[in-house]
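>>> Dropping a prediction and its sequence here:
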Amino acid sequence: MTTKPITVALLGSGVVGTAVARELTRNAADFEARVGAPVQIVGALVRDASKDRSETGLPADVFTTDAEGLVERADIVVELMGGTEPAKSLITKALENGASVVTANKALLGEAGPELYQLAMEHGVDLSYEAAVAGAIPLIRPLRESLAGDEVTKVLGIVNGTTNFILDKMDRTGANLEDVLAEAQSLGYAEADPTADVEGHDAQAKAAILASLAFHTRVRTSDVHCEGIMGLTAEDIKAARRAGCVIKLLAIAEKVERDGADGGPGVNVRVHPVLLARSHPLATVREAFNAVFVETKLAGELMFYGRGAGGDPTASAVLGDIVHAARHRVSGSHGAGESAYANLPILPIGESLTRYVVRVEVADEPGVLGRVTSAFGDQGVSIESMRQGVRRSEDGLASLTFMTHEAPESALATTVDTIKKLPDVTSVTSVLRAEGI
Ligand SMILES: NC(=O)C1=CN([C@@H]2O[C@H](COP(=O)(O)OP(=O)(O)OC[C@H]3O[C@@H](n4cnc5c(N)ncnc54)[C@H](O)[C@@H]3O)[C@@H](O)[C@H]2O)C=CC1
Ligand SMILES: N[C@@H](CC=O)C(=O)O
Ligand code: NA
């Protein structure tokens, strides 16, 4: 007796979709053995069905431009087209029809995840998205399932491969950002619109997804403070190198115990460049690799490391989700849904505490150092160390580099505004948060 196949609709045949189709066709016998039924792609949505797509291994008549019709005829809908629409409408329709959904679309989940998770729960189907954060690295399932009995207190890491590739290349070769970005795009790491990577929005959406799972709270992309890498100059990278540091774009989500009126913990989620000592484990993360630390009450520190971008690594996570959903279809069950019971407040960025490195260019005149240090003191920002560069003979300017103790973002912002207006200050050349230095 032959077992009824599990039917799959593939929405999008780009970098990731092509790798997924190729593996599902090439290793059909293994997938059948792992699932307990054949896993068959019954249609693949494309913009142009006449284009040659032989590298997918799929017969030409599988390709279609009829999205609505395709979604209706599959047990599992695999969304790999990206963007919020029509992806959201198609996923909604699939869930309402009782299909399981696998997606890699962090942009969509960061914005509309809570509604879609709810819909999946109401219809008793799986909505899986391992590829949406940190590509191939198993991170979503550990947070959602393996750590479900523990209490996560912090998630911190590099979750965007493109920006890590760029920062690493700039650090090692002195190349400029635009040239390295083109290389990251050609390797299939960057988003269709790479501004999502360099402006931090891709990491911002991933941070929202991670924080939601970690803290059982609905966190959306718009709740996450975000600064990308466009403001970083080659001089910032060089200055970091001279100081024995690197600059990395980090996503940070932490549970913060608050003193004060209503007490109770809140959640702080942010994405921004961070200055790290070269000895810090995250400083050694090269190219498009990702690495994420998770801190929990019982397990302590966990580190997840691997390829965060690229067709094949991302396909690995998508295929794992397809097998997971297909096994559930065979056994007539489905996985657990997302929980948002804790409903913790999202704290404003002004309340987050960080150490800062502030570089200021000043006229090397008597009293200037006192005026700049007073600007820190007036806001209650304590200076840990200060270094003065050599006075330049051509213009009489010198650079001052201050390292602060932990300070609230709002106090630091006011300090920087005050320093900019001081008479002997020509510019505040950089303001960076620091970790582990
Ligand atoms: N490339 C990577 O390293 C990773 C990508 N992702 C996510 O995976 C998804 C797919 O990414 P890629 O494969 O890199 O993108 P891609 O741009 O290479 O592929 C997307 C494909 O979908 C097609 N498409 C988009 N809208 C369509 C529509 N309305 N009708 C028909 N076809 C349509 C496009 O023509 C394109 O061929 C995105 O959500 C992305 O954020 C997640 C992790 C890593
Ligand atoms: N553009 C993303 C792809 C994976 O999510 C990245 O560079 O990390
Ligand atoms: Na992952």
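Cool, got the structure. Ligands and ions are numbered 1, 2, ... in the order given.
>>> Stretch 101-114 near ligand 3 anywhere?
No. Using Cβ under 5 Å from the ion, stretch 101-114 stays clear of ligand 3, with a minimum separation of 8.9 Å. The way it works is simple: take the backbone N, C-alpha and C, and place the C-beta from them, glycine included.
>>> In that stretch, which residues are buried?
Within stretch 101-114, the residues that qualify as buried by neighbour count (16 or more other Cβ atoms under 10 Å) are 101-113.
>>> Among those residues, name the ones in helices.
With DSSP state H as the criterion, helices contain 106-113 from among those.
>>> Of these, which is the nearest to Y305?
Taking Cβ to Cβ as the measure, Y305 lies nearest K106 of those, at 19.0 Å.
>>> how close does the closest one get to A190?
14 Å (Cβ to Cβ, to the nearest Å).
>>> Likewise for E295?
In this structure, E295 lies at 30 Å from A190, with Cβ to Cβ as the measure.
>>> Which one's more surrounded, the two?
Looking at E295 and A190 with other Cβ atoms under 10 Å, you find the greater number of neighbours at A190, namely 27 against 17.
>>> my guess is that one meets L181, correct?
Yes. Using Cβ atoms under 8 Å, A190 and L181 qualify as a contacting pair, with a distance of 7.0 Å.
>>> packing partners for the strand or helix carrying Y356?
Of the helices and strands defined by DSSP states H and E, Y356 is found in strand 353-363. With contacts defined as 3 or more Cβ pairs under 8 Å, 6 or more residues apart in numbering; DSSP states H and E, the secondary structure elements packing on strand 353-363 are helix 368-378, strand 397-404, strand 407-408, helix 409-421, strand 425-435.
>>> looking at these, which is closest to ligand 2?
Distances from ligand 2 to each of those were compared using Cβ to the nearest ligand atom; the shortest belongs to strand 425-435, at 20.1 Å.
>>> Now tell me what touches that closest one from outside.
Contacts to strand 425-435, defined as Cβ atoms under 8 Å, 6 or more residues apart in numbering, come from residues 233, 235-236, 239-240, 245, 247, 250, 272-276, 280, 282, 354-363, 368, 372, 397, 399, 403, 412, 416, 419-420.
>>> Now, of those, which are buried?
236, 239-240, 245, 247, 250, 272-276, 280, 282, 354-362, 368, 372, 399, 403, 412, 416, 419.
>>> Which of the helices or strands spans the residue of the stretch 301-437 of the chain found nearest ligand 3?
The nearest approach of the stretch 301-437 of the chain to ligand 3 comes at A317, 4.8 Å away (Cβ to the ion). Taking DSSP H and E as the criterion, A317 maps to helix 311-331.
>>> quick one: contacts for the most centrally placed residue in the chain?
Centrality entry for the chain: nearest residue to the mean C-alpha point is A203, 2.9 Å, by Cα atoms, centre = their mean. Remark: with contacts taken as Cβ under 8 Å, 6+ apart, A203 is in contact with 159-160, 163, 226, 249, 251, 271.
>>> change it to 7 Å
Applying Cβ atoms under 7 Å, 6 or more residues apart in numbering, one finds that A203 lies in contact with 159-160, 249, 251, 271.
>>> give me the subset of those residues touching ligand 2.
Intersecting those with the surroundings of ligand 2, defined as Cβ under 6 Å from any ligand atom, gives N160.
>>> Relative to V246, how far out is the closest residue to M81 other than its chain neighbours?
Counting by Cβ to Cβ, 6 or more residues apart in numbering, the nearest residue to M81 once its immediate chain neighbours are dropped is G12, at 3.3 Å. Taken as Cβ to Cβ, the spacing of G12 relative to V246 amounts to 35 Å.
>>> can you check K420 too?
Taking Cβ to Cβ as the criterion, K420 is separated from V246 by 27 Å.
>>> Specify the beta-bridge partners of the closest residue to V360 other than its chain neighbours.
Ranked by Cβ to Cβ, 6+ apart and with sequence neighbours excluded, the top spatial neighbour of V360 is L400, at 4.8 Å. Under DSSP bridges, the beta-bridge partners of L400 are V360, Q388.
>>> what does the model give L400 for pLDDT?
L400 is assigned a predicted lDDT (pLDDT) of 93.
>>> do the one 3 residues further on as well
Turning to M403, the model gives it a pLDDT of 96.
>>> Spit out the contact partners of it.
355, 357, 384-385, 434.
>>> Turn those into CSV, including distance to ligand 3.
Formatted as CSV, the entries for the contacts of M403 read as follows, by distance: Cβ to the ion, whole Å:
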residue, distance to ligand 3
R355, 30
V357, 31
E384, 36
S385, 38
A434, 28
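>>> Can you lay out the residues you listed as JSON lines showing distance to ligand 1 and pLDDT?
Formatted as JSON lines, the contacts of M403 follow (distance: Cβ to the nearest ligand atom, whole Å; pLDDT from 0 to 100):
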{"residue": "R355", "distance to ligand 1": "31", "pLDDT": "95"}
{"residue": "V357", "distance to ligand 1": "31", "pLDDT": "95"}
{"residue": "E384", "distance to ligand 1": "38", "pLDDT": "96"}
{"residue": "S385", "distance to ligand 1": "40", "pLDDT": "94"}
{"residue": "A434", "distance to ligand 1": "29", "pLDDT": "95"}
